[in-house]
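1. predicted structure and sequence below. I'll ask about it afterward.
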Amino acid sequence: MKRIVCHGCKYFFITHKIERPWGCKKFGFISKNIPFSEVFFTTGMECAYRKEKKNKKIEGSNE
């Protein structure tokens with residue numbers, strides 16, 4: 001079983017709130033647990049909406 005991770009997902013964000021530091025824009029919640037865990041513990045299924053963030057190309061960069 002492949003484990004889904006939130007980091008790198010376009011819907012994942014950090015709230016900077018001590019009591020609930022992580023959130024998921026797709027499901028519309030913030031939590032003290034990483035969103036993957038919250039979705040799994042609530043539904044019993046892995047997140048099916050994970051979508052990789054697109055990297056923005058920095059102008060003038062030679063990389």
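-> Arrived safely.

2. ok, and for stretch 13-31, which residues are buried?
-> Going by neighbour count (16 or more other C-beta atoms under 10 Å), the buried part of stretch 13-31 is 22-24, 26, 30-31. For every residue, glycine as well, the C-beta is placed using N, CA and C.

3. any idea what the spatially most central residue of the chain is bridged to?
-> Compute the mean C-alpha point of the chain, and by C-alpha atoms, centre = their mean the closest residue is residue 12, 2.6 Å away. For residue 12, the beta-bridge partners under DSSP bridges are residue 24.

4. helices or strands next to the helix or strand of the chain with the lowest mean pLDDT in the packing?
-> Here the helix or strand of the chain ranked lowest by mean pLDDT, DSSP states H and E is helix 35-43, holding a mean of 91. In terms of contact count using 3 or more C-beta pairs under 8 Å, 6 or more residues apart in numbering; DSSP states H and E, helix 35-43 is assigned the packing partners strand 22-24, strand 29-31.

5. in which helix or strand does residue 26 reside?
-> Secondary structure assigned from DSSP states H and E places residue 26 in neither a helix nor a strand.

6. before we move on, back to that, check contacts around the residue nearest to the centre of the chain.
-> Residue 12 makes contacts with 6, 22-25, 35, as judged by C-beta atoms under 8 Å, 6 or more residues apart in numbering.

7. residue 21 too?
-> Taking C-beta under 8 Å, 6+ apart, one finds 14-15, 30, 32 in contact with residue 21.

8. circling back: what residues sit buried inside the least confident helix or strand of the chain?
-> Residues of helix 35-43 classed as buried: 35-36, 38-40 (neighbour count, 16+ other C-beta under 10 Å).

9. so for residue 16, what's the pLDDT?
-> According to the prediction, residue 16 has pLDDT 93.

10. one step back: as TSV, the buried residues of stretch 13-31 with distance to residue 46 and pLDDT would be great.
-> Formatted as TSV, the entries for the buried residues of stretch 13-31 read as follows, by distance: C-beta to C-beta, whole Å; pLDDT from 0 to 100:
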residue	distance to residue 46	pLDDT
22	17	96
23	18	96
24	13	96
26	13	95
30	20	96
31	16	95
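
11. rewinding a little: relative to the whole chain's centre, how far out is the least confident helix or strand of the chain?
-> Using C-alpha atoms, centre = their mean, to the nearest Å, the distance from the centre of helix 35-43 to the centre of the chain it belongs to is 12 Å.

12. good, we can wrap up now.
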